[in-house]
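Undergrad: Compute the structure for the input listed below.
(4 chains)
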Number of protein chains: 2
Amino acid sequence: MATIEDVAKLAGLSRTTVSRVINDQPYVTDEKKQRILHAMDELGYVPNSSARRLRSQRTETIAVLLPRITNPFFGNLIESMEQKASKAGYQVIVCQTHDSKKKELDYLQLLKTKQVDGIIMTSLVNDWELIHPYLENGPIVLCNEYMENKPVPMIHMDHRQAAYEAVQHLIEQGCKHLAFVHGEQEGHLTLERKRGFEQALLDHGLTSSENQVIQGPMDVGDGRQLFSYIKKEMPHIDGVFTGSDEVAAGMIYEAAHSDWKIPEDLSVVGFDNQMLSLLMVPSITTIEQPVKKLADKTVEVLLKQLLHPDPVRGKSHVFDHKLVVRGSTRKEKLILH
Amino acid sequence: MATIEDVAKLAGLSRTTVSRVINDQPYVTDEKKQRILHAMDELGYVPNSSARRLRSQRTETIAVLLPRITNPFFGNLIESMEQKASKAGYQVIVCQTHDSKKKELDYLQLLKTKQVDGIIMTSLVNDWELIHPYLENGPIVLCNEYMENKPVPMIHMDHRQAAYEAVQHLIEQGCKHLAFVHGEQEGHLTLERKRGFEQALLDHGLTSSENQVIQGPMDVGDGRQLFSYIKKEMPHIDGVFTGSDEVAAGMIYEAAHSDWKIPEDLSVVGFDNQMLSLLMVPSITTIEQPVKKLADKTVEVLLKQLLHPDPVRGKSHVFDHKLVVRGSTRKEKLILH
DNA sequence: TTGTAAGCGTTATCAT
DNA sequence: ATGATAACGCTTACAA
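TA: Below is the predicted model of the structure:
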């Protein structure tokens, strides 16, 4: 593999001058520049990335931590982030934590080992105390996940309000016995949604005791089990706010293979407005997140921090959600057209 | 940021000895080892990755090239690859080409710039002549995509045979006028499927002229348009083999909002057996790929090449597919239970 | 068992 | 405008 030295020799010039050409710096005669470019071409020279990184102390790479790439919400998020980052000349590396505390910390080490310049966390399973020290090693930005009064920028929606509106909608459709379903991890995000759920119940005079919080379900399979469980063990439940279109889809699938009708016997709300939620029969009422806006803003904020290592501030950027009403909750058939 | 030198000083030993401890090498007294570990701990020392890479000429990182992460097939593939690779101590970086020739070549540069030790290509849009030179810089393995007589390992299914079986199944269900649908790019993989399509027609006495090859559709939206197009412009078509569950799902969605019935008026076969294909109403007949096996084998082969830089051989590893028959093609209702 | 010193490929500083 | 030289932080012969 050719090095800068080889190029310099072949062109009859010094490494310094070659380096100037590589980095588009001034003070190189056009004639010599051409000679060097020729030499680089002839040797198939490409600058060695490790050497540059070592020398410059920068990697031009950022890491995005997420639970799992197979969740379409995170898939879309990373897709947008990657596009935005690569326009600014940054590489993105995708880090799946699978909601493991250990993996999350392992990936944060990328900052210490200088493999990345900054980190975006889209989920957060460790206590903040364990995350905080890593701020010494480079900027961290939270996207989607958020917590109060922490010295990092946060880009997200108001999940409490979103949950409130979803639950209010269920109540308006006539549901009296509601369940809130969330995944295995009880993150801050889940907590926010739960608060919204409870507030809505309160505001509409439904006592919490008749309503349920169910922890665990995360995917389609879980949703299927959940439906069977509700039908058998809690048949009084008539409305469910799930934190996930997958879970909602699983419930609807299983319902279709039973004698319950959705939304008549059970109304269901999902989350994320994934393609799936439109395609199901009935289609799924859900909360739409402004994925692209979240992604773009997050990358923008991180890149800004990379350029101006300011004293870290905990500014929140809150984006709007949208309740998309569809067949899984709409009991009175509206007249279309 | 503490360096190895700082640790050495604090422990009153040399860099060499510290390095030995870092790399778990023998010939260090237990007592000194402890002293060093203590010093590392006290300073919060972490080895600098760029320096190690530069010195050792290895990155312990592999790149996986794929069209887009939001396609669940590739999402699942990368998920499995990442797990397998990380067990062997390798990092994975995900590279979305979006089917762009330029991006594909850009990412292959990672091999030249020594940012990765090896590359897995799960799709291939450039001519082989452009890819070939990169083999100088490190091992490349093809997974999913394949071509004949190329000096790289290939791990894949027999797409021609899979297509053949899918089309044969449609014919057995009574379809007489078939269409084969594939995406924008006409890769080798698509070509294989098309051959299977044509062979099946031939073997069952259907002349090609009555049947169609449609290029372009890739996602749910395209599938919806496609259905409308077929209904309006080619209403004689009664069976479609799409290369994608998404396209199939889009067609089914649109059909449900029309007066055509699936499978009676039009039968549809998807590809990949994604969750979506089970959830649709009717559920989608599809081809199941052994994603985990493909992923594991691919990583295994690449890692082997990384350890033994043998003269490159073009061995193919072919895995079995499975035709999953569901409601989108099953005209005679079978009695269940 | 431990240490010295060279070198991986760049780039920044300072001369010239 | 160009070049010599010293880092960046680590590993590895080789010496002791």
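
Undergrad: Domain parsing of chain A, as residue ranges.
TA: Chain A breaks down into these structural domains: A:4-55, A:59-157+A:291-319, A:159-289 (assignment by the TED database).

Undergrad: how about stretch A:256-272: buried residues?
TA: By neighbour count on 16 or more other CB atoms under 10 Å in any protein chain shown, the buried set for stretch A:256-272 is A:256, A:260, A:262, A:263, A:266, A:267, A:268, A:269, A:270, A:271, A:272. From N, CA and C alone the C-beta is placed, and that goes for glycine too.

Undergrad: brain fart, stretch A:146-157
TA: Residues A:146, A:147, A:150, A:152, A:153, A:154, A:155, A:156, A:157 are the ones in stretch A:146-157 that count as buried (16+ other CB under 10 Å).

Undergrad: Please list the residues outside it that contact it.
TA: Residues outside stretch A:146-157 that contact it (CB atoms under 8 Å, 6 or more residues apart in numbering or on different chains): A:124, A:128, A:135, A:139-145, A:188-189, A:192, A:289-290, A:294, A:297-298, A:301-302, A:305, A:312-321.

Undergrad: Now the closest residue to residue A:188 other than its chain neighbours: phi and psi?
TA: Among residues not flanking residue A:188 along the chain, residue A:147 sits closest, at 4.8 Å (CB to CB, 6 or more residues apart in numbering or on different chains). Note on residue A:147: its backbone torsions stand at phi -150, psi 160 [degrees, to the nearest 10].

Undergrad: related to what we said a few turns ago, which one of the buried residues of stretch A:146-157 is nearest to DNA strand D?
TA: residue A:152 (25.0 Å; CB to the nearest atom of the strand).

Undergrad: what helix or strand does residue A:8 sit in?
TA: Per DSSP states H and E: residue A:8 is located in helix A:4-11.

Undergrad: and that helix, what does it pack onto?
TA: Based on contacts counted as 3 or more CB pairs under 8 Å, 6 or more residues apart in numbering or on different chains; DSSP states H and E, the elements that helix A:4-11 packs against are helix A:15-22, helix A:30-43.

Undergrad: Would you format those as CSV with mean pLDDT, mean neighbour count and distance to residue A:281 included?
TA: Putting those into CSV (pLDDT from 0 to 100; neighbours: other CB atoms under 10 Å in any protein chain shown; distance: least, CB to CB, whole Å) gives the following:
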stretch, mean pLDDT, mean neighbour count, distance to residue A:281
helix A:15-22, 95, 18, 58
helix A:30-43, 94, 15, 59
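
Undergrad: where exactly do the strands run in the stretch 151-300 of chain A?
TA: Using DSSP state E, counting those that start in this stretch, the strands found in the stretch 151-300 of chain A span residues A:154-157, A:178-183, A:212-216, A:239-242, A:267-269, A:286-288.

Undergrad: and the first one, C-alpha only, in PDB?
TA: What follows is the C-alpha trace of strand A:154-157 in PDB, where atoms were taken according to Å, rounded to 0.1, in the frame of the first residue of the first chain:
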ATOM      1  CA  MET A 154     -32.500  16.700  24.000                       C
ATOM      2  CA  ILE A 155     -34.600  16.400  20.800                       C
ATOM      3  CA  HIS A 156     -38.000  14.800  21.200                       C
ATOM      4  CA  MET A 157     -41.800  15.000  21.200                       C
END
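
Undergrad: Could you list the residues in contact with the helix holding residue A:8?
TA: Taking CB under 8 Å, 6+ apart as the rule, helix A:4-11 contacts A:14-15, A:17-19, A:22, A:32, A:35-36, A:38-40, A:42-43, A:45, A:47.

Undergrad: Just the CA atoms of it, as PDB, please.
TA: Provided in PDB are the C-alpha atoms of helix A:4-11 (Å, rounded to 0.1, in the frame of the first residue of the first chain):
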ATOM      1  CA  ILE A   4       2.500   9.600   1.400                       C
ATOM      2  CA  GLU A   5       6.300   9.000   1.400                       C
ATOM      3  CA  ASP A   6       6.000   7.000  -1.800                       C
ATOM      4  CA  VAL A   7       4.100   9.700  -3.500                       C
ATOM      5  CA  ALA A   8       6.600  12.300  -2.400                       C
ATOM      6  CA  LYS A   9       9.500  10.400  -3.800                       C
ATOM      7  CA  LEU A  10       7.800   9.700  -7.100                       C
ATOM      8  CA  ALA A  11       6.900  13.300  -7.500                       C
END
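
Undergrad: how far is it from where the chain is centred?
TA: 46 Å (CA atoms, centre = their mean, to the nearest Å).

Undergrad: Also stretch A:302-316?
TA: Counting by CA atoms, centre = their mean, stretch A:302-316 comes out at 19 Å from the chain centroid.

Undergrad: need the residues of chain A near DNA strand C, please.
TA: A:1, A:3-5, A:15-16, A:19, A:22-23, A:45-48, A:51-52, A:54-56 (CB under 7 Å from any atom of the strand).

Undergrad: Contacting DNA strand D as well, which ones from the residues you listed?
TA: Residues of the residues of chain A next to DNA strand C in contact with DNA strand D (CB under 7 Å from any atom of the strand): A:15, A:16, A:51, A:54, A:55.

Undergrad: what's the distance between the closest residue to DNA strand C within chain A and residue A:149?
TA: Among the residues of chain A, residue A:4 lies nearest to DNA strand C; the distance is 2.9 Å by CB to the nearest atom of the strand. As judged by CB to CB, to the nearest Å, residue A:4 and residue A:149 stand 49 Å apart.
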